[in-house]
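Asker: model this:
(one chain, ligands or ions: 1)
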Amino acid sequence: MGGRPGVFLGAGFVTVRATSRGAQRTSLEGTRAEVLICGASFAGLAVARELAESGASVLVIDRYEIGERQTSACACPTLWLEALGLGQSIQQELPYMSFTTPSGSVRYRLPWSWSSFDYRELCQLLWSQCSDARFETATVEALGARGADGAIEVITDRGSISAPLVVDALGWRRVLSSPHYQPPKAPLSRGLEVHPEHDGSGDALDIWIERSLVRRGYGWRVPAGGEARIGVGSYAPTTHVKEPTVALAERLGSDAIGYQGNWFPHRLRSGTESGVFFVGDSAGHCFPLSGEGIRTAFYFGIACGRELSAVLEGRSDRASALAAYERFNKAHKRPFAIALALQRLIPAMPPRLLTAVLTLIGKQRIVDYAFGWYLNQAAPQFADQLAPSTGAAVGDGLALAGASR
Ligand SMILES: Cc1cc2nc3c(=O)[nH]c(=O)nc-3n(C[C@H](O)[C@H](O)[C@H](O)COP(=O)(O)OP(=O)(O)OC[C@H]3O[C@@H](n4cnc5c(N)ncnc54)[C@H](O)[C@@H]3O)c2cc1C
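Answerer: Numbering: from 1, shown residues only. All right, here's what the predicted structure looks like:
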């Protein structure tokens with residue numbers, strides 16, 4: 001705590017209990033922290049990293065150890081990995097993208113590159129930047145009651161933990177919300193991939209848009225050094241993706257081994273609810289159409305972390321921070337709506353027309369513009385910007401990010 005006051009909630013100050021150690025670790029009942037971050041993947045770790053200089057008691061919890069369970073194909077714009085000091089985790093840089101339809105293939109040289117990375121290493125690198133934050137494995141079950149001092153209780157399988165500032169970075173289910181998001185009715189896509197061995201060749205992130213493979217969705221191959229990540233995503237949660245994933249792997253002469261799948265959201269959700277901050281997939285921060293959610297988890301995680309810092313430093317209170325973060329979230333409605341409209345349009349296009357459009361877009365000038373616009377919706381420069389002094393200034397981050405190209 002370094003002599004700082006507790007977190008001001010508008011209603012009073014909260015004292016923080018020392019970390020339990022040794023045998024006490026078996027139960028977390030009654031544990032208190034200034035900030036409780038639920039979820040230790042891209043979004044949760046990005047929030048914790050932003051609080052590294054705060055001196056606050058930050059507790060991060062996840063049902064698995066940090067980096068234990070890979071949650072994606074792990075492809076992210078290289079610029080973002082570099083901006084966060086995560087370059088060491090890069091396995092293969094991919095400056096190109098190819099798109100294949102039943103009528104042909106196009107190949108684009110992007111104005112920026114993708115990089116595939118090692119999930120465990122990336123998470124550990126992020127965690128090493130989180131300073132004194134503490135980590136515990138615990139499965140989050142639900143949101144509990146609000147304490148008389150305004151602290152929020154989170155119920156886990158190891159007991160109840162409370163904090164005045166709580167973040168749900170638990171992924172698509174949005175566990176701290178009620179009701180949770182549940183397929184098949186919720187606006188969710190589903191993806192499955194296999195991880196066969198690979199010879200390290202290739203310079204492109206390959207995409208297949210073929211209705212015979214998946215009616216509304218796409219297939220991908222992400223070369224990642226010694227392995228390839230080959231998978232299929234469906235925008236329709238009722239469509240099974242195992243068969244097309246196996247078919248795509250076979251077509252590419254690869255073994256269908258090392259399965260990994262999950263749901264991912266394709267609609268922006270509210271960034272706050274019941275006093276809790278939602279970040280990453282729990283707030284629907286995964287882009288529709290592309291299903292890209294790592295960069296946005298970093299981006300919104302940083303924005304959330306900056307709001308929490310303002311509270312911890314006494315420049316804001318929880319209510320103002322929640323309001324500012326929600327404003328920031330809502331300011332991104334348009335690009336998410338555009339991507340969702342394209343997600344509906346593209347699978348409905350006749351293959352020949354789609355190929356013609358992809359060829360037209362393939363002119364370098366248009367590729368640069370379109371992919372530059374896309375990157376700017378969560379630009380890497382955002383990671384470098386100084387933390388704003390008030391919640392309102394965080395909202396300005398969008399303009400700065402958007403103006404960066
Ligand atoms: C097959 C597939 C491939 C993908 N490939 C890419 C890609 O290449 N690039 C890209 O940008 N996006 C990709 N995505 C999307 C991307 O995975 C997500 O958008 C991203 O992981 C969101 O990050 P997050 O931190 O919000 O959530 P997650 O990464 O899902 O992390 C949630 C964390 O919460 C923990 N957790 C969940 N429930 C509980 C609970 N009850 N108690 C405790 N802990 C819990 C989990 O263990 C996990 O650590 C892919 C998705 C899928 C399904």
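Asker: quick one: residue 223 from residue 114, how far?
Answerer: Distance of residue 223 to residue 114, computed by CB to CB, to the nearest Å: 10 Å. C-betas here are computed from N, CA, C, even on glycine.
Asker: do residue 194 as well
Answerer: Separation of residue 194 from residue 114 (CB to CB) stands at 19 Å.
Asker: need the residues of the stretch 151-300 of the chain near the ligand, please.
Answerer: Residues of the stretch 151-300 of the chain lying near the ligand by CB under 6 Å from any ligand atom: 169-171, 175, 191-193, 222, 231, 261-262, 264, 280-281, 286, 291-295, 297.
Asker: So residue 271 versus the ligand, what's the distance?
Answerer: For residue 271, the distance to the ligand (CB to the nearest ligand atom, to the nearest Å) stands at 12 Å.
Asker: again but with residue 230, I slipped
Answerer: In this view, residue 230 and the ligand are 10 Å apart by CB to the nearest ligand atom.
Asker: likewise residue 362?
Answerer: Computed with CB to the nearest ligand atom, the distance linking residue 362 and the ligand is 22 Å.
Asker: Can you report how many residues lie near that residue?
Answerer: Using other CB atoms under 10 Å, residue 362 has 14 neighbouring residues.
Asker: Could you do the one 5 residues further on as well?
Answerer: Using other CB under 10 Å, residue 367 has 17 other residues around it.
Asker: Quick check: closest non-adjacent residue to it.
Answerer: Using CB to CB, 6 or more residues apart in numbering and skipping residues adjacent in sequence, the residue nearest residue 367 is residue 108, 4.7 Å away.
Asker: what about the most centrally placed residue in the chain, which helix or strand?
Answerer: Nearest to the mean C-alpha position of the chain, counting by CA atoms, centre = their mean, stands residue 297 at 2.9 Å. Taking DSSP states H and E as the definition, one finds residue 297 inside helix 294-312.
Asker: again with residue 231
Answerer: In this structure, residue 231 sits in strand 227-234 according to DSSP H and E.
Asker: Quick one: list the elements packing against whichever helix or strand comes after that strand.
Answerer: Reading on from strand 227-234 to the C-terminus, the next helix or strand found by DSSP H and E is helix 242-251. Counting contacts by 3 or more CB pairs under 8 Å, 6 or more residues apart in numbering; DSSP states H and E, helix 242-251 packs against strand 188-194, strand 217-224, strand 227-234.
Asker: Give me the angle between helix 242-251 and strand 227-234.
Answerer: For helix 242-251 against strand 227-234, the angle by axes from the mean of the first three to the mean of the last three CA atoms, to 10 degrees is 140 degrees.
Asker: between residue 223 and residue 114, which one's more packed in?
Answerer: Using other CB under 10 Å, the more surrounded residue of residue 223 and residue 114 is residue 223, with 24 against 21.
Asker: Please name the residues that touch the residue nearest to the more buried one when sequence neighbours are not counted.
Answerer: Residue nearest to residue 223 in three dimensions, not counting chain neighbours: residue 202, with 4.0 Å by CB to CB, 6+ apart. The contact partners of residue 202, taken as CB atoms under 8 Å, 6 or more residues apart in numbering, are 92, 94, 221, 223, 228.
Asker: Convert the C-alpha atoms of the helix or strand hosting the second one to CSV, please.
Answerer: If you go by DSSP H and E, residue 94 is part of strand 90-101. C-alpha atoms of strand 90-101 as CSV (Å, rounded to 0.1, in the frame of the first residue of the first chain):
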residue,chain,number,x,y,z
ILE,A,90,6.9,-14.5,-31.5
GLN,A,91,7.1,-17.8,-33.4
GLN,A,92,6.6,-16.7,-37.0
GLU,A,93,6.1,-13.3,-38.7
LEU,A,94,3.4,-13.3,-41.4
PRO,A,95,3.5,-10.2,-43.6
TYR,A,96,0.9,-11.6,-46.1
MET,A,97,-2.7,-12.9,-46.1
SER,A,98,-4.2,-15.2,-48.6
PHE,A,99,-7.9,-15.6,-49.2
THR,A,100,-9.2,-18.7,-51.1
THR,A,101,-12.7,-19.1,-52.4
